[in-house]
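A.B. asks: Got a sequence here, can you build the structure:
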Amino acid sequence: MKKVNQFMLLQWLVFLPLILPLSIASGILQGVKQAVSSLILQIWSDVSSPIIHEENPDFFA
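C.D. replies: Model (predicted):
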């Protein structure tokens, strides 16, 4: 039977409470950054598209 490395187990028990919240926070920030970026691109796409007049489709404002 394989012997358990107690020092490695101790390292995991000490550093997991530090690593886990940092990775969760990093994922949240990355997701917010991606969402804001796509939102800005969508707004820019909507704003920069030509407006077609309702009564005359060939009229551009």
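
A.B. asks: what is the mean pLDDT for stretch 33-45?
C.D. replies: Averaging pLDDT along stretch 33-45 yields 95.

A.B. asks: Just the CA trace of it, in CSV.
C.D. replies: C-alpha atoms of stretch 33-45 as CSV (Å, rounded to 0.1, in the frame of the first residue of the first chain):
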residue,chain,number,x,y,z
LYS,A,33,-14.7,41.9,-17.9
GLN,A,34,-15.9,39.7,-20.7
ALA,A,35,-19.6,40.6,-20.1
VAL,A,36,-18.8,44.4,-20.1
SER,A,37,-16.7,44.0,-23.2
SER,A,38,-19.4,42.2,-25.1
LEU,A,39,-22.0,44.8,-23.8
ILE,A,40,-19.9,47.7,-25.1
LEU,A,41,-19.4,46.0,-28.5
GLN,A,42,-23.2,45.4,-28.7
ILE,A,43,-24.0,49.0,-27.8
TRP,A,44,-21.4,50.3,-30.3
SER,A,45,-22.9,48.0,-33.0
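
A.B. asks: Now do that stretch: distance to the chain's middle.
C.D. replies: 12 Å (Cα atoms, centre = their mean, to the nearest Å).

A.B. asks: What of stretch 25-34?
C.D. replies: The mean C-alpha position of stretch 25-34 is separated from the chain mean by 4 Å, Cα atoms, centre = their mean.

A.B. asks: Next: stretch 9-18.
C.D. replies: 27 Å.

A.B. asks: So which bits of it are buried?
C.D. replies: When neighbours are counted by 16 or more other Cβ atoms under 10 Å, no buried residue of stretch 9-18 is found. The C-beta positions use only the backbone N, C-alpha and C, and glycine is treated the same way.

A.B. asks: And the average pLDDT for it is what?
C.D. replies: For stretch 9-18, the per-residue pLDDT averages 94.
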